[in-house]
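**Q** Quick one, what's the 3D model for this:
(2 chains)
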Protein chains: 2
Amino acid sequence: MKKHSWVWLCFSSVILNLLLASYVFFSNDDQQSQLNWTRKAAKEAEDVASVFCSGHGRAFLDGILSISSTTNHLEAAEGGSGGDDDSLPSCECNSCYYGSDCSQFSPDCPADANSGDPLFLEPFWMKHAESSAVMVSGWHRMSYKFGYEHGTFISKELERHIRELHAMVGNANTTGKLMVFGTGSTQLLNAAIYALSPQDPPSPTRIVGSIPFFPFYQMETEFYNSKNFEWEGDTSKWKNKVLPSMNFIEFVTSPNNPDGELKDPVLQGPSVKTINDHAYYWPHYTAIPAPANEDLMIFTLSKLTGHAGSRFGWALIKDQVVYQKFQDYMTLNSMGVSRDTQLRALKLLNVLLAEGKELFEFGHRTTRTRWESLNKVMSASERFSLQKLTPQHSTYFQNITAPSPAYAWVKCEKEEDEDCYQALLRDGGIIGRSGSFFNAENRYVRLSLIKSQDDFDWLLQRMKTLVSQEQVHDEYRVKAI
Amino acid sequence: MKKHSWVWLCFSSVILNLLLASYVFFSNDDQQSQLNWTRKAAKEAEDVASVFCSGHGRAFLDGILSISSTTNHLEAAEGGSGGDDDSLPSCECNSCYYGSDCSQFSPDCPADANSGDPLFLEPFWMKHAESSAVMVSGWHRMSYKFGYEHGTFISKELERHIRELHAMVGNANTTGKLMVFGTGSTQLLNAAIYALSPQDPPSPTRIVGSIPFFPFYQMETEFYNSKNFEWEGDTSKWKNKVLPSMNFIEFVTSPNNPDGELKDPVLQGPSVKTINDHAYYWPHYTAIPAPANEDLMIFTLSKLTGHAGSRFGWALIKDQVVYQKFQDYMTLNSMGVSRDTQLRALKLLNVLLAEGKELFEFGHRTTRTRWESLNKVMSASERFSLQKLTPQHSTYFQNITAPSPAYAWVKCEKEEDEDCYQALLRDGGIIGRSGSFFNAENRYVRLSLIKSQDDFDWLLQRMKTLVSQEQVHDEYRVKAI
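**A** Predicted coordinates:
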């Protein structure tokens, strides 16, 4: 080989050297930030997330294991399962879908609009996978108490985030309010009854709600069978009849479950206290006319971010004595709320604060669209009607916002349809909750609009069929005449 | 340059190319398993874990943020904090330690042996960082229910792990028992009272315990002020006096809190039911003579793995009707237990099952050593004594095991020391719980032996000083005579 060929070869080789070296240098830089003890758990989570469930289900880290099939989760299996063997958790399919990858649909399956499972928000969290993920170390917060000065069951950082969020959304005035966390708002509703009713009173505190009301209020009151309080039923019986010697606790749910109306207390007077259940007082479900500012307000993560399974809620309390009784209840009932859940809630709220309006816009768009679709179908019906909700000015969106309730409160209009659910909906393949569940007439049925998109789509389809059968039935009658 | 120089240069360059290329090829292999959406959360957790707290504290992901100082967490800061800015959570120091890196010790600080905070197990989880870490995705288990056939609040995988663990340890027979999860055993103790006492009985069910007993039993019973049950105090009042018409519930805590003794029920008869609190029935705290096999047994993660902050416990229940009442309580009280916590508990128990005896050996070694050290110090005292515990055969360790209780039940032996805590320990700079807290004489004080090593070391030091002062005092008296 001639000299100039060698020169040329050398020159090329050195260029390649430089390229490879710079590659190594930069990838080295990445290596310095290599993960150590978190890598395995991170990998496991990604493997499980990549299990393919056809968009009609998902696999969870704590799901029941299945031997990984190359058809279902090829990609995951290639990366190694991270588990004890080659198995990965199976797909858990949405209602009416089945098969190892949830690709099969069962057309005989009823549309389940029963529970208030807020899965409509799941796609938001899948989109924000990176910012909402949280790595929990094995030694995270093992102690009974957070290590602040006197020890407490609640995370100060989480409390601060909640206050910031209320200020950002403008749905509650937290100034001068004390905060207690609960295992969901459910536990706080229980705590509230105890906190507001005196111990061993001359006569038990009367607990009331306005029909239709969320049945847990009555069920939990009766379950405790306490000498301190008793269930007294509907507020209407006591309107303008409250004497100063009678202690009352009124549950005020605003927006109301099941009908979505913004509510005010019915009873008045110095002996009446109210528990303000604001589970649905967020821009997804209602216009926010003004910040709520009652003495005792209860909120829940379930309906805010959709994390019902996390069991996390909080109470905002004005009075120091009531606050102390809440604390006593939380200590004796469960020694506070899971610190794992508090960590997760912190991460989720951090996303809400960082993303501005995105969750609320997504949430409101989804509920509004579902409400409009259902209204459109129902408008062709003479048999069924929906509750009337009007557009209202929302201080949050700074405009007039269309209704977007969490539930449809369906009424059967015909006199003979006294039991709307049993007579019509159930046979039409729709699962809902009868009015009697809410102490109302069975002429009403609650249908949930906040479950997964699959659930809602199937509900709408079933409803369309029901309404079209009604029209066929009417046409048949007209022809017969 | 001569030709052979060019040849030589080319040859070197090609060799270097080959080396670099092979490096790139192998590191490429690693790249294929690069993490995606979990990377940021994993990095955050590692950064927080690397915050330097001198071995006398730790930083947590949800801790209060501090501007990162190069002195304290140089390494972490170099890798970037992963937070909104340059800040990382501050160190949270063990009692008596302070300063930004917990390096300062305050010699005037009292030794806190008050709570049963099981931090003695924290080093085990730090050692097993990789296998105990868990990555929670933003969309993990948002639903109210696990998606099994009829929906449930409890993870089947976790239930299976718990049954396996009991079988491995041999401390409970789970065959034919139903399982309910609670927000710590605390919530299950509450549920148990309701589940075992009939609604609206002719006379309230009498609830009793054997002095000294865990005070929550009485406090929660009285708090509910229910028509169904009432607190009746010590079992001794009713021994051999139970009539068939009287309903009783006896709390049996075995091993007992505070004195560590294995206990049997005191009351007998068909109208007596027992709630068997087995929080401490694990090899760390006691020999396991045989699997417990009562109709209603309650266990907690707090004292098993040390995760008191997670609030997770379980009940094993034989009777179907009692089980149903537990379920009702859990539904009305909190709609089950946090799914985030269930996921974490699954991961932790998975480590126990995979590691065999390691946690129990570590736990038992720690409690036994602490008990022996304290005994050695106390043996020089005439003023103080400890409860007598004898070595017993353990089916788990397959040998005679030395005592290893969770608490020292200290007695002041001198007649004049009626208030042991106020008169002696408190002034000696030791924080403990007076006997009256457990319905016993104030001649007794409970000291916790399961807190952090720092806490125990300081307790031992304070105790040594107290005992040596006693000796100086005695010598002085002898000389004076």
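
**Q** going forward, measure contacts between C-alpha atoms and count neighbours the same way
**A** Fine.

**Q** Distance check, the residue nearest to A:N442 when sequence neighbours are not counted against A:Q387.
**A** Sequence neighbours aside, A:G435 is the residue nearest to A:N442 in space, at 4.4 Å (criterion: Cα to Cα, 6 or more residues apart in numbering or on different chains). Distance check for A:G435 against A:Q387: by Cα to Cα, to the nearest Å, it reads 13 Å.

**Q** of those two, who's got more company?
**A** Using other Cα atoms under 10 Å in any protein chain shown, the more surrounded residue of A:G435 and A:Q387 is A:G435, with 24 against 16.

**Q** how about the more buried one, phi and psi?
**A** Backbone geometry at A:G435, expressed as degrees, to the nearest 10, gives phi -50, psi -40.

**Q** In the stretch 251-400 of chain A, what residue spans correspond to strands?
**A** Per DSSP state E, counting those that start in this stretch, the stretch 251-400 of chain A carries strands over the ranges A:272-277, A:296-300, A:313-317, A:384-385, A:392-394, A:399-401.

**Q** Chain B is nearest to which of those?
**A** Set against chain B and scored by Cα to the nearest Cα, the strands of the stretch 251-400 of chain A come closest in strand A:313-317, at 10.2 Å.

**Q** Strand A:296-300 and that closest one, what's the angle between them?
**A** Going by axes from the mean of the first three to the mean of the last three Cα atoms, to 10 degrees, strand A:313-317 is angled at 160 degrees with respect to strand A:296-300.

**Q** wait, does strand A:313-317 contact chain B?
**A** No. Judged by Cα under 8 Å from any Cα of the partner chain, strand A:313-317 stays clear of chain B, getting no closer than 10.2 Å.

**Q** from the chain's centre, how far out does that strand sit?
**A** The chain centre lies 16 Å from the centre of strand A:313-317; the measure is Cα atoms, centre = their mean, to the nearest Å.

**Q** what do you get for stretch A:259-272?
**A** With Cα atoms, centre = their mean, you get 25 Å for stretch A:259-272.

**Q** residue contacts, A:R344?
**A** The neighbours of A:R344, taking Cα atoms under 8 Å, 6 or more residues apart in numbering or on different chains as the test, are A:V134, B:D340.

**Q** just the helices in the stretch 51-200 of chain A please.
**A** Ranges of helices within the stretch 51-200 of chain A are A:74-78, A:122-127, A:129-132, A:156-169, A:184-196, based on DSSP state H, counting those that start in this stretch.

**Q** near chain B, which residues of the stretch 301-450 of chain A?
**A** A:306-312, A:332-341, A:343-344, A:346, A:348.

**Q** rerun that using 10 Å as the cut-off
**A** Counting by Cα under 10 Å from any Cα of the partner chain, the residues of the stretch 301-450 of chain A close to chain B are A:302, A:305-312, A:328-348, A:350, A:354.

**Q** Please indicate which of those residues are buried?
**A** Among those, those buried by neighbour count (16 or more other Cα atoms under 10 Å in any protein chain shown) are A:302, A:305-312, A:328-348, A:350.

**Q** Next step: those residues restricted to helices.
**A** Among these, the residues falling in helices (DSSP state H) are A:302, A:305, A:328-334, A:339-348, A:350.

**Q** quick one: low-confidence ranges for chain A?
**A** Scanning chain A for pLDDT under 70 picks out A:1-3, A:6-7, A:9-11, A:20-33, A:67-86, A:148-150, A:473-481.

**Q** Nearest spatial neighbour of the residue of it found nearest chain B, chain-adjacent residues omitted?
**A** Per Cα to the nearest Cα, A:S226 is where chain A lies closest to chain B, at 4.0 Å. Closest residue to A:S226 apart from its sequence neighbours, by Cα to Cα, 6+ apart: B:S226 at 4.0 Å.

**Q** Now the one you found: phi and psi?
**A** For B:S226, the backbone dihedrals (degrees, to the nearest 10) come out as phi -90, psi 150.

**Q** That one and A:Y224: what is the separation?
**A** Using Cα to Cα, B:S226 is found at 6 Å from A:Y224.

**Q** just A:G432 next, same as before
**A** Distance from A:G432 to A:Y224, by Cα to Cα: 28 Å.

**Q** okay, these two: which has more neighbours?
**A** Comparing A:G432 with A:Y224 by other Cα under 10 Å, the one with more neighbours is A:G432, at 23 against 20.

**Q** what residues are up against the more buried one?
**A** Counting by Cα atoms under 10 Å, 6 or more residues apart in numbering or on different chains, A:G432 touches A:111-115, A:408-410, A:421-422, A:425-426, A:444-448.

**Q** swap the cut-off to 8 Å and go again
**A** Applying Cα under 8 Å, 6+ apart to A:G432 gives the contacts A:D112, A:A113, A:N114, A:S115, A:Y421, A:L425, A:R426, A:V445, A:R446, A:L447, A:S448.

**Q** which of those residues are buried?
**A** A:D112, A:A113, A:N114, A:S115, A:Y421, A:L425, A:V445, A:R446, A:L447, A:S448.

**Q** Do I have it right that the first one meets A:I431?
**A** By that I understand A:D112. Yes. Assessed by Cα atoms under 8 Å, A:D112 is found in contact with A:I431 at 4.7 Å.

**Q** Tell me how many other residues crowd A:A191.
**A** Neighbour count for A:A191, taken as other Cα under 10 Å: 22.

**Q** mind checking how far stretch A:373-383 is from the chain centre?
**A** Worked out by Cα atoms, centre = their mean, stretch A:373-383 lies 27 Å from the chain centre.

**Q** Show me which parts of that stretch are buried, residue by residue.
**A** Under the neighbour-count criterion of 16+ other Cα under 10 Å, stretch A:373-383 has A:L374, A:N375, A:V377, A:M378, A:S381, A:R383 buried.

**Q** Leaving out sequence neighbours, find the closest residue to the first one.
**A** Taking Cα to Cα, 6+ apart, and ignoring the residues beside it in sequence, A:L374 has A:L460 as its nearest neighbour in space, at 6.5 Å.

**Q** Quick one: closest of the helices of the stretch 51-200 of chain A to B:N256.
**A** Evaluated over the helices of the stretch 51-200 of chain A, closeness to B:N256 peaks at helix A:184-196, with 29.1 Å, by Cα to Cα.

**Q** Residues touching the closest one, excluding its own?
**A** Contacts of helix A:184-196 (Cα under 8 Å, 6+ apart): A:181-182, A:217, A:220-221, A:228, A:249, A:273, A:275, A:279, A:298-302, A:308, A:310-315, A:322-323, A:325-326, A:329-330, B:332-335.

**Q** How far does that helix sit from its chain's centre?
**A** In terms of Cα atoms, centre = their mean, the centre of helix A:184-196 is found 19 Å from the chain centre.

**Q** Strand A:313-317 and that helix, what's the angle between them?
**A** For helix A:184-196 against strand A:313-317, the angle by the same axes, to 10 degrees is 30 degrees.

**Q** Please save the CA atoms from helix A:184-196 in PDB.
**A** Output of helix A:184-196 as PDB, limited to C-alpha atoms (Å, rounded to 0.1, in the frame of the first residue of the first chain):
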ATOM      1  CA  GLY A 184     -61.300   8.800  52.500                       C
ATOM      2  CA  SER A 185     -64.000  11.300  53.300                       C
ATOM      3  CA  THR A 186     -65.900   8.300  54.600                       C
ATOM      4  CA  GLN A 187     -63.900   8.100  57.800                       C
ATOM      5  CA  LEU A 188     -64.200  11.900  58.200                       C
ATOM      6  CA  LEU A 189     -68.000  11.800  57.900                       C
ATOM      7  CA  ASN A 190     -67.900   9.300  60.700                       C
ATOM      8  CA  ALA A 191     -65.500  11.500  62.700                       C
ATOM      9  CA  ALA A 192     -67.700  14.600  62.100                       C
ATOM     10  CA  ILE A 193     -70.800  13.100  63.700                       C
ATOM     11  CA  TYR A 194     -68.800  12.300  66.800                       C
ATOM     12  CA  ALA A 195     -67.000  15.600  66.800                       C
ATOM     13  CA  LEU A 196     -70.200  17.700  66.500                       C
END
